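>>> sequence unknown, structure follows:
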């Protein structure tokens with residue numbers, strides 16, 4: 001606790017303290033746009049003194065949203081409302097961060113208080129749900145489409161384009177969401193990744209998508225600004241992603257910048 005309120009430099013970004021606000025879905029967006037709700041929610045955390053304030057999981061493509069009410073940054077039109085939030089956080093002495101995400105086979109889902117499973121097209125959901133392999137997340141979820149190589153390349157490019165917009169909006173930290181059973185985690189875990197190509201089977205192949213996304217994001221992100229990656233350290237299931245693989249991945253990602 002002695003250092004909790006000490007400044008923390010990460011590359012050229014200096015955080016006023018070690019109090020971070022983690023990404024938390026607000027389910028309060030229309031068509032991916034940030035609203036007054038997001039300004040008040042995130043801005044109040046900055047007023048409270050948090051050194052780093054993250055947006056919720058912000059989708060890099062429309063079909064990558066966890067729910068139809070989640071934030072997005074797949075269009076340049078999303079930049080201005082997000083910039084208002086980043087500016088306000090900075091004015092309070094905080095640093096604004098954005099988490100970039102693709103929900104994979106857990107996309108187009110209901111808000112938690114509305115039940116489990118997928119949102120139908122008539123309710124504003126979508127059917128083009130993708131994953132590394134055509135394996136549903138659970139019984140109440142439909143079978144996703146296995147991504148093609150071209151589809152994988154499009155997603156990598158979407159993360160890079162999203163990172164460019166994050167920078168334009170004035171955010172100083174970008175985080176890649178590779179946890180919690182969403183798309184990148186689905187590639188990492190042998191339980192959800194049954195591919196037989198260069199993105200499946202071995203540890204090196206299962207981590208390839210994340211490493212390529214990190215490289216693509218780093219190529220458009222300021223060299224002296226940090227790139228974070230969030231992972232689930234273990235699946236807690238036999239034969240799944242585990243601590244040893246997490247440690248090995250962390251070493252790889254350090255080399256990627």
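Done, it's in. This one's a predicted model, so the numbers in the text were calculated from it and none came from an experiment.

>>> Can you name the residues that contact residue 117?
Contacts for residue 117 (CB atoms under 8 Å, 6 or more residues apart in numbering) come out as 109-110, 140-141. Just so you know, the C-beta spots here come from the backbone N, C-alpha and C atoms, and that holds for glycine as well.

>>> Point out the least confident one among the residues you listed.
Here the lowest pLDDT out of the contacts of residue 117 sits on residue 140, with 80.

>>> secondary structure element for that one?
Secondary structure assignment for residue 140, by DSSP states H and E: no helix or strand.

>>> Tell me which residues touch residue 121, please.
Contacts for residue 121 (CB under 8 Å, 6+ apart) come out as residue 127.

>>> so where do the strands sit in the stretch 1-150 of the chain?
Residue ranges of the strands in the stretch 1-150 of the chain, as given by DSSP state E, counting those that start in this stretch, are 8-10, 13-15, 20-21, 52-59, 95-101, 130-131, 145-146.

>>> Which strands or helices does the longest one pack on?
Read it as strand 52-59. strand 20-21, helix 36-47, helix 79-91, strand 95-101, strand 173-178 (3 or more CB pairs under 8 Å, 6 or more residues apart in numbering; DSSP states H and E).

>>> try it again with 7 Å
Strand 52-59 makes packing contacts with strand 20-21, helix 36-47, strand 95-101, strand 173-178 when contacts are defined by 3 or more CB pairs under 7 Å, 6 or more residues apart in numbering; DSSP states H and E.

>>> Mind checking the pLDDT average for it?
Taken as a whole, strand 52-59 carries a mean pLDDT of 98.

>>> How about stretch 217-236?
97.

>>> Ok, stretch 22-38 next?
In this model, stretch 22-38 has a mean pLDDT of 97.

>>> can you give me the offset of it from its chain's centre?
Here stretch 22-38 shows a centroid-to-chain-centroid distance of 14 Å under the convention CA atoms, centre = their mean, to the nearest Å.

>>> cool, and stretch 124-131?
With CA atoms, centre = their mean, you get 17 Å for stretch 124-131.

>>> quick one on the thing from earlier: scan the contacts of residue 117 and report the most crowded one.
The member of these that has the most neighbours, counting by other CB atoms under 10 Å, is residue 109 with 24 neighbours.

>>> That one contacts residue 119, correct?
Yes - assessed by CB atoms under 7 Å, residue 109 is found in contact with residue 119 at 6.5 Å.

>>> Quickly list what's touching both of those two.
residue 67 (CB atoms under 7 Å, 6 or more residues apart in numbering).

>>> What helices and strands are in contact with the host helix or strand of residue 205?
Using DSSP H and E, residue 205 falls within helix 203-206. Applying 3+ CB pairs under 7 Å, 6+ apart, one finds that helix 203-206 makes contact with no other helix or strand.

>>> thinking again about what came up before, adding distance to residue 66, write the contacts of residue 117 out as a markdown table.
Shown next, in a markdown table, are the contacts of residue 117 (distance: CB to CB, whole Å):
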| residue | distance to residue 66 |
| --- | --- |
| 109 | 6 |
| 110 | 10 |
| 140 | 15 |
| 141 | 13 |
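
>>> model confidence over the helix holding residue 205, on average?
pLDDT averaged over helix 203-206 gives 98.

>>> got the contact list for the helix or strand following that helix?
With elements assigned by DSSP H and E, the helix or strand that comes after helix 203-206 is helix 208-220. The contact list for helix 208-220 (CB under 7 Å, 6+ apart) reads 152, 156, 159-160, 163-164, 174, 176, 178, 184, 187-188, 198-199, 227, 229, 252-253, 256-257.

>>> rewinding a little: only the buried residues of the helix holding residue 205, if you could.
Going by neighbour count (16 or more other CB atoms under 10 Å), the buried part of helix 203-206 is 205-206.
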